[in-house]
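Peer 1: No letters, just coordinates:
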């Protein structure tokens, strides 16, 4: 998350400007995810350390509680022995008081250790919440990265097509094609003009010969000649 702190702690307006100036959003997003994963690893390590302290503190608490109970039981046993006459009353009272004093000292340690254990456990819960948040952010941004990569591909493809279309128009290709079409039309008209001029350049004899020549008429004449030869 360090990259996002760098981007957004300087203020929203500056952050937006910083984002606009990013040359490669894919690379920057990947770096941001790597930063979040580093933060996740640090948080997991910190939670493990605090959890170890909490476990040790809880073990100490249990030991102190057992010790306090043991001092009380010893005081009771000493007083019972005094009742049976196994030990003098004064000695029993003295030893019982010592045992109860030890119990009180242990109880103070119990209270302190109890507070420390609760504090450690609260810290563990906070760190766990932070870890869950970081994990959620990583999952979110990994999904966002997939979407972003797809959008970049579409954007690049669209940009390239539009660029080609823009360059096509700016290079005058369309106008060139229009000029070529006009040129072809001119050539066709010129060819037709030459054809008409060629027709107009024929002599009177050529026109008469063309008008008089007929393949069908020659065939009819040839047929009549053959018939006359057969009749004669």
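Peer 2: Received, thanks. Because the structure is predicted, anything quoted here is derived from the model rather than measured.
Peer 1: for the most centrally placed residue in the chain, what are its contacts?
Peer 2: In the chain, the residue lying closest to the centroid (CA atoms, centre = their mean) is residue 145, at 0.4 Å. By CB atoms under 8 Å, 6 or more residues apart in numbering, the contact list for residue 145 reads 26, 29-30, 33. For glycine as for every other residue, the C-beta is placed from the backbone atoms N, C-alpha and C.
Peer 1: Which one of these is nearest to residue 149?
Peer 2: residue 26 (6.1 Å; CB to CB).
Peer 1: Provide the secondary structure category for the closest residue to residue 65 other than its chain neighbours.
Peer 2: Leaving aside its sequence neighbours, residue 65 sits nearest to residue 110 (CB to CB, 6 or more residues apart in numbering; 5.9 Å). Assigned by DSSP: H, G, I helix; E, B strand; the rest coil, the conformation of residue 110 is helix.
Peer 1: Next one: residue 110 from residue 157, what distance?
Peer 2: Taking CB to CB, to the nearest Å as the measure, residue 110 falls 70 Å from residue 157.
Peer 1: Which one's more surrounded, these two?
Peer 2: A count of neighbours by other CB atoms under 10 Å puts residue 110 above the other of residue 110 and residue 157, at 19 against 10.
Peer 1: For residue 153, see how far away the more buried one is.
Peer 2: 64 Å.
Peer 1: give me the number of residues near residue 54?
Peer 2: By other CB under 10 Å, neighbour count at residue 54 equals 20.
Peer 1: which residues of the chain score low on pLDDT?
Peer 2: With pLDDT under 70 as the threshold, the chain has low-confidence stretches at 1-23, 165-174, 198-217, 232.
Peer 1: how's it carved up into domains?
Peer 2: Following automatic domain parsing, one finds the domains of the chain at 2-170, 175-231.
Peer 1: deepest of those, which one?
Peer 2: Compared across those, domain 2-170 shows the largest average neighbour count, a mean of 14 (mean count of other CB atoms under 10 Å).
Peer 1: quick one, helices of the chain?
Peer 2: 2-8, 12-20, 25-84, 89-170, 173-200, 204-212, 215-231 (DSSP state H).
Peer 1: what separates stretch 71-88 from the chain centre, distance-wise?
Peer 2: 75 Å (CA atoms, centre = their mean, to the nearest Å).
Peer 1: and if you look at stretch 132-150?
Peer 2: With CA atoms, centre = their mean as the basis, stretch 132-150 stands 6 Å off its chain's centre.
Peer 1: cool, stretch 112-126 as well?
Peer 2: 38 Å.
Peer 1: ok, and what's touching that stretch?
Peer 2: Counting by CB under 8 Å, 6+ apart, 47, 50-51, 53-54, 57-58, 60-61, 64 sit against stretch 112-126.
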